[in-house]
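Peer 1: pasting the structure only:
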Ligand code: GH3
Ligand code: MG
Ligand code: MG
């Protein structure tokens, strides 16, 4: 607990803190670095757009492109003169359109960039930019004298962010949090963090440094979330959420002279798939993974592949690890898994009614066989230890399953 709860939000917190620090220390920046202030946000947001394209992430792409366009618009507005109607139109558009685009992206299904939906997005964003460029130009040229009074109406009065902007931000942030909960996937948390950074910047928009610092923070938050997401995809198993075989192999190479490895394999798993279908098979895998993840003794559970899992006990002898391995094996066998099939009761009330009528929710028992091995003088390399654990697993299967062998 403690810091681990904050972990998904560290990127956001660090970059928001850095933006504040940059503002405090900003005046002390040597003149040669002053260019960073104006170019930083562009460079970071443009990198996000590029990385989102490369990784084929539609939502991040829309968000990064909107932020980039809004920052360009706000900077242009400042160049037009802060109190001019043109600047105010640009400001207002950014504050409303960024959350609106983010909301639409967050509510739609992620289909990547190489999809026809992406073309529609490009057209929408292009139309927004074209309309704004034309509108701001026309308004600041004084072509529409009604504009100042419209801009002064209470829903639009700004800065700081007007009522419509605040509402748009609140709804978009709620959508981002809804997406991010409860899995806290990096991209969703990053979207929420970037929106917060953008909104702070927008409320501080009279100061070019604050606008730059918080837009740079939004870019950095998005960028880091894209990198974190690809790390997660490489080292985590998507079905069970456990670290995968690649993570195990890296960890084993990094371990010291002594460790113990246990290889677990679900008993008669093929039967689950054949009798109850692949979906139930997947549920069984998730539930076994959750039980194994609760392993004690400082061990970590990995999904090795298919229906095979490993428990890795750093710095522990076989003798030390054995009680924890046995405990995991027993806790799986004890657990009755309620099946979540299509005919599962929709409500608690219906469930108790069915049980009352003798239609008990179907419960499955699952067992695993485990083979454990310790790194020793003769068995040094990670793949030798794995082989030894696999041989022990074979013995556990041969001697009747639902047990631990060495
Ligand atoms: P034993 O007790 O000897 O281990 O028998 P078993 O049936 O568990 O062994 P076997 O290796 O023959 O079967 C493993 C099955 O696991 C085969 C495959 O269909 C299934 N499987 C592998 N990966 C997945 C997965 O991700 N999801 C589902 N649902 N099934 C999987
Ligand atoms: Mg197997
Ligand atoms: Mg099996």
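Peer 2: That came through fine. No experiment lies behind these values; they were computed from the predicted model shown. Ligands and ions are numbered 1, 2, ... in the order given.
Peer 1: Please count neighbours and contacts with C-alpha atoms only from this point.
Peer 2: Noted.
Peer 1: other SSEs contacting the helix or strand that contains residue 383?
Peer 2: Assigned by DSSP states H and E, residue 383 belongs to helix 382-398. Secondary-structure packing of helix 382-398 (3 or more C-alpha pairs under 8 Å, 6 or more residues apart in numbering; DSSP states H and E): helix 245-254, strand 259-266, strand 368-374, strand 404-405.
Peer 1: so can I have TSV of these showing mean pLDDT and distance to ligand 1?
Peer 2: TSV is the format used below for the helices and strands packed on helix 382-398 (pLDDT from 0 to 100; distance: least, C-alpha to the nearest ligand atom, whole Å):
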stretch	mean pLDDT	distance to ligand 1
helix 245-254	95	14
strand 259-266	97	5
strand 368-374	97	8
strand 404-405	96	13
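Peer 1: Tabulate the ones you listed (JSON lines), appending distance to residue 24 and mean neighbour count.
Peer 2: Formatted as JSON lines, those follow (distance: least, C-alpha to C-alpha, whole Å; neighbours: other C-alpha atoms under 10 Å):
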{"stretch": "helix 245-254", "distance to residue 24": "41", "mean neighbour count": "15"}
{"stretch": "strand 259-266", "distance to residue 24": "49", "mean neighbour count": "26"}
{"stretch": "strand 368-374", "distance to residue 24": "55", "mean neighbour count": "27"}
{"stretch": "strand 404-405", "distance to residue 24": "60", "mean neighbour count": "24"}
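Peer 1: And the contacts of the helix holding residue 383?
Peer 2: 249, 252-253, 261-265, 369-375, 379, 402-406 (C-alpha atoms under 8 Å, 6 or more residues apart in numbering).
Peer 1: Intersect these with the contacts of ligand 3.
Peer 2: Among the contacts of helix 382-398, the residues within reach of ligand 3 (C-alpha under 5 Å from the ion) are residue 265.
Peer 1: related to what we said a few turns ago, in the helix holding residue 383, which of the residues would be classed as buried?
Peer 2: Buried residues in helix 382-398, defined by neighbour count with 16 or more other C-alpha atoms under 10 Å: 382, 385-386, 388-397.
Peer 1: Going by distance to ligand 3, which of those wins?
Peer 2: Closest approach between the buried residues of helix 382-398 and ligand 3, by C-alpha to the ion: residue 397, at 9.0 Å.
Peer 1: How many neighbouring residues does residue 74 have?
Peer 2: Neighbour count of residue 74, defined by other C-alpha atoms under 10 Å: 28.
Peer 1: low-confidence ranges in this protein?
Peer 2: Residues of the chain that meet the criterion pLDDT under 70 lie in 1-2, 26-29, 31-34, 82-83, 142-159, 340-362.
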